[in-house]
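K.L.:
no sequence on this one, just coordinates:
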């Protein structure tokens with residue numbers, strides 16, 4: 001599907017080699033389907049961004065960047081107020097990044113490079129130093145971990161009933177061996193299916209499903225202990241460890257950021 005470029009894009013000069021656009025998004029902001037003449041890196045300050053493509057729905061938490069190649073139709077939705085930065089990438093530098101829309105994991109250096117641009121409110125590159133920083137950023141992004149989606153889906157006949165149950169019951173703590181009996185398979189077969197179909201283990205998949213539910217509950221008045229219990233963790237510390245591993249900081253810090261963003 002071919003979509004016209006927005007007037008805002010048409011009024012811009014070519015990225016040289018990057019262009020930063022900054023926005024403050026309100027809760028429940030939806031962007032209708034559109035495309036850009038340049039590759040786009042999407043960065044959010046917290047929460048979850050949902051990207052709708054022609055063939056899939058992509059979910060990205062704030063510790064990932066979303067890479068969208070040029071001329072890729074997409075729509076976006078954010079559920080809570082947040083800072084959003086769109087980084088347009090020149091055709092030359094975009095050749096170093098994937099050909100398909102995907103998630104790019106933020107390393108401490110990648111985050112520092114982006115944060116420096118954002119704190120200085122750089123739009124087009126203004127100096128030789130900015131150009132070197134842009135080159136380094138893309139070089140690091142070309143080498144970082146990437147994923148097709150934060151929470152992949154599958155129609156595999158063995159995995160589908162497991163995934164459906166975990167989505168409906170994030171506190172479900174059945175073992176993979178128990179699930180193997182339920183779907184008339186073996187633990188080894190299911191472990192292979194999770195890696196082949198989803199690119200992650202059963203435990204990693206369950207943690208990501210629980211994380212998405214936790215992000216929703218952290219917007220409410222539920223305590224960390226209550227959320228941990230509702231998600232099936234024996235102790236709050238186990239939940240906090242999972243949260244830090246996937247998001248990069250504690251659920252309490254995340255909640256403080258939500259309250260801060262609500263005043264944007």
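P.N.:
Perfect, I can see it now. No experiment lies behind these values; they were computed from the predicted model shown.

K.L.:
my read: residue 87 touches residue 22, true?
P.N.:
No - using Cβ atoms under 8 Å, residue 87 makes no contact with residue 22, being 10.1 Å away. Glycine gets a C-beta too; all of them are placed from N, C-alpha and C.

K.L.:
more neighbours: these two, which one.
P.N.:
Neighbours per residue, other Cβ atoms under 10 Å: of residue 87 and residue 22, the larger number sits with residue 87, 24 against 14.

K.L.:
so the more buried one versus residue 45, what's the distance?
P.N.:
Separation of residue 87 from residue 45 (Cβ to Cβ, to the nearest Å) stands at 14 Å.

K.L.:
where's the closest residue to residue 71 other than its chain neighbours relative to residue 150, distance?
P.N.:
Using Cβ to Cβ, 6 or more residues apart in numbering and skipping residues adjacent in sequence, the residue nearest residue 71 is residue 35, 5.4 Å away. Look at residue 35 and residue 150: by Cβ to Cβ, they are 22 Å apart.

K.L.:
same thing with residue 167?
P.N.:
Taking Cβ to Cβ, one finds residue 167 at 14 Å from residue 150.

K.L.:
neighbour count: the two, which is higher?
P.N.:
Set residue 167 next to residue 150 and count neighbours by other Cβ under 10 Å: residue 150 wins out with 19 against 14.

K.L.:
ok, now which ones touch residue 45?
P.N.:
62, 82-84, 257, 261 (Cβ atoms under 8 Å, 6 or more residues apart in numbering).

K.L.:
what do you get if the cut-off is 6 Å, keeping everything else the same?
P.N.:
82-83 (Cβ atoms under 6 Å, 6 or more residues apart in numbering).

K.L.:
do residue 10 as well
P.N.:
Contacts of residue 10 (Cβ under 6 Å, 6+ apart): none.

K.L.:
and it, what pLDDT?
P.N.:
According to the prediction, residue 10 has pLDDT 87.

K.L.:
give me the phi and psi for the residue nearest the centre of the chain.
P.N.:
In the chain, the C-alpha nearest the mean C-alpha coordinate belongs to residue 60, at 1.8 Å (Cα atoms, centre = their mean). Main-chain torsions, residue 60, degrees, to the nearest 10: phi -140, psi 120.

K.L.:
that one and residue 66 touch, don't they?
P.N.:
Yes - counting by Cβ atoms under 6 Å, residue 66 is a contact partner of residue 60 at 5.0 Å.

K.L.:
how about the strands in the stretch 51-200 of the chain?
P.N.:
Assigned by DSSP state E, counting those that start in this stretch, the strands in the stretch 51-200 of the chain fall at 57-61, 64-68, 74-78, 82-89, 102-105, 146-147.

K.L.:
for the ones you listed, which one ends up most surrounded?
P.N.:
Comparing these by mean neighbour count (mean count of other Cβ atoms under 10 Å), strand 64-68 ranks first with a mean of 23.

K.L.:
fine by me, thanks again.
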